[in-house]
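Colleague: Here is my input; please provide its structure:
(2 chains)
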Amino acid sequence: MDRVPVLKIGEILLVSIQIDLDDQTAMQLQEDLSDRIVETGAHGVVIDISALEIVDSFIGRMLSTIAAVSRVLDAETVVVGMRPAVAITLVELGLSLNGVRTALNVDKALAILARARQIRGVGLLTEADHAVADE
Amino acid sequence: MTVPEEPVRLDIADDKDVVRVRQSVRLAALAAKLSLVDQTKLVTAASELARNTLIHGGGGHATVAQVHNGRRAGVRAEFVDTGPGIADLTLAFTDGYTTGNGLGLGLSGSRRLVDDFEIETNPGGGVRIAVTKWAR
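Modeller: Coordinates of the predicted model:
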């Protein structure tokens, strides 16, 4: 069976889908990614779909599910590289990719993840400050 | 009128066959010189319909052909199954309505993506759907 590789770079998991995904491979990727997030404690996932010629309702749902699951596991997902023709088709098909963050390229995705990390970091710091203030 | 190229018939029995149907439709769309956006729309619609044939129809087959109407070229893809058929077509074409565990966009969404959409079904008698996209 085909398998999409999941690469770890620092605290980010990078997935670049380079094959024409069948439904089973898509489900497998969903599971593999969840496992790897827990295993590595990654705080971000970047999914590159620039090689995908289509995103149909099944793949769209896979992307939404991955984003939701990773959020529950304390990681943000950003989907990058969607082709313009794919974006037009998705909208006409009626898919909204609920809860999926997108960026035009990997650089921008990394910037989004770093910013999300920073904001959460600040959030933690504030809580800690409050704790100190309460003492 | 140009003679259409030989139609391609593909069985739809598993996930991999859905991918094969997409690839075959893509090749035909390229040959008919559909624009990139139109190719993408047609292949996406074919993917939805092939999956329906597999999941709701219990498998079946697709026929992909180049067609011509005067000087216009296009691609026609037909999906046939012998499954339970569709009891209520109006309901089946409602966005978000699903009998499986999908998003309910397969039929309604794919109809929006193509130029012509024909459907024939008898409860208990299977489904035949044919879609056509024309080059502009």
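Colleague: Helices along the chain, start to end?
Modeller: Assuming you mean chain A. Here chain A has its helices, by DSSP state H, at A:23-40, A:57-72, A:84-93, A:106-134.
Colleague: sorry, should have said chain B
Modeller: Going by DSSP H, chain B shows helices at B:15-31, B:36-55, B:89-92, B:106-113.
Colleague: Just the buried residues of stretch A:93-104, please?
Modeller: Across stretch A:93-104, burial judged by 16 or more other CB atoms under 10 Å in any protein chain shown covers A:Leu93, A:Gly94, A:Leu95, A:Leu97, A:Val100, A:Thr102, A:Ala103. (Glycine included, C-beta is placed from N, CA and C.)
Colleague: Report the contact partners of the first one.
Modeller: The one in question is A:Leu93. Residues in contact with A:Leu93 (CB atoms under 8 Å, 6 or more residues apart in numbering or on different chains) are A:Asp56, A:Ser57, A:Gly60, B:Thr44, B:Glu48, B:Leu105, B:Gly109, B:Ser110, B:Arg112, B:Leu113.
Colleague: Pull up the gap between the residue nearest the centre of chain A and B:Leu113, please.
Modeller: Centroid check for chain A by CA atoms, centre = their mean gives A:Thr77 as the closest residue, at 2.3 Å. Applying CB to CB, to the nearest Å, the value for A:Thr77 to B:Leu113 is 26 Å.
Colleague: With B:Asp81 instead?
Modeller: For B:Asp81, the distance to B:Leu113 - CB to CB - is 20 Å.
Colleague: and if you look at B:Trp134?
Modeller: For B:Trp134, the distance to B:Leu113 - CB to CB - is 13 Å.
Colleague: and what of A:Val100?
Modeller: Distance from A:Val100 to B:Leu113, counting by CB to CB: 21 Å.
Colleague: One more: B:Leu36?
Modeller: 14 Å.
Colleague: Which pLDDT value belongs to residue 2?
Modeller: Using chain A. On pLDDT, A:Asp2 comes in at 83.
Colleague: other chain: chain B
Modeller: Value listed for B:Thr2 in the pLDDT field: 49.
Colleague: now the residue positioned nearest the centre of chain B: how far from B:Leu89?
Modeller: The centroid of chain B falls nearest to B:Ala46 when counting by CA atoms, centre = their mean (4.0 Å). Noted for B:Ala46: a distance of 20 Å to B:Leu89, by CB to CB.
Colleague: tell me, how many neighbours does A:Val38 end up with?
Modeller: 12 (other CB atoms under 10 Å in any protein chain shown).
Colleague: ugh, wrong one, I meant A:Ile49
Modeller: Residue crowding around A:Ile49 was assessed by other CB under 10 Å; the count is 20.
Colleague: ok, back up a step: from the contacts of A:Leu93, which two are the most distant?
Modeller: Farthest-apart pair in those is A:Gly60 and B:Arg112; separation 14.7 Å (CB to CB).
Colleague: between those two, which one's more packed in?
Modeller: Per other CB under 10 Å, whichever of A:Gly60 and B:Arg112 has more neighbours is A:Gly60, with 21 against 16.
Colleague: where does A:Leu52 fall, phi/psi-wise?
Modeller: A:Leu52 adopts backbone torsions of phi -80, psi 130, taken as degrees, to the nearest 10.
Colleague: my bad, should have said A:Gly41
Modeller: The phi/psi pair for A:Gly41 (degrees, to the nearest 10) is phi 70, psi 30.
Colleague: mind putting the helices of chain B in a markdown table, mean pLDDT included?
Modeller: Shown next, in a markdown table, are these (pLDDT from 0 to 100):
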| stretch | mean pLDDT |
| --- | --- |
| helix B:15-31 | 96 |
| helix B:36-55 | 96 |
| helix B:89-92 | 84 |
| helix B:106-113 | 91 |
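Colleague: Any stretches of chain A with poor pLDDT?
Modeller: Within chain A, the segments meeting pLDDT under 70 span A:1, A:121-135.
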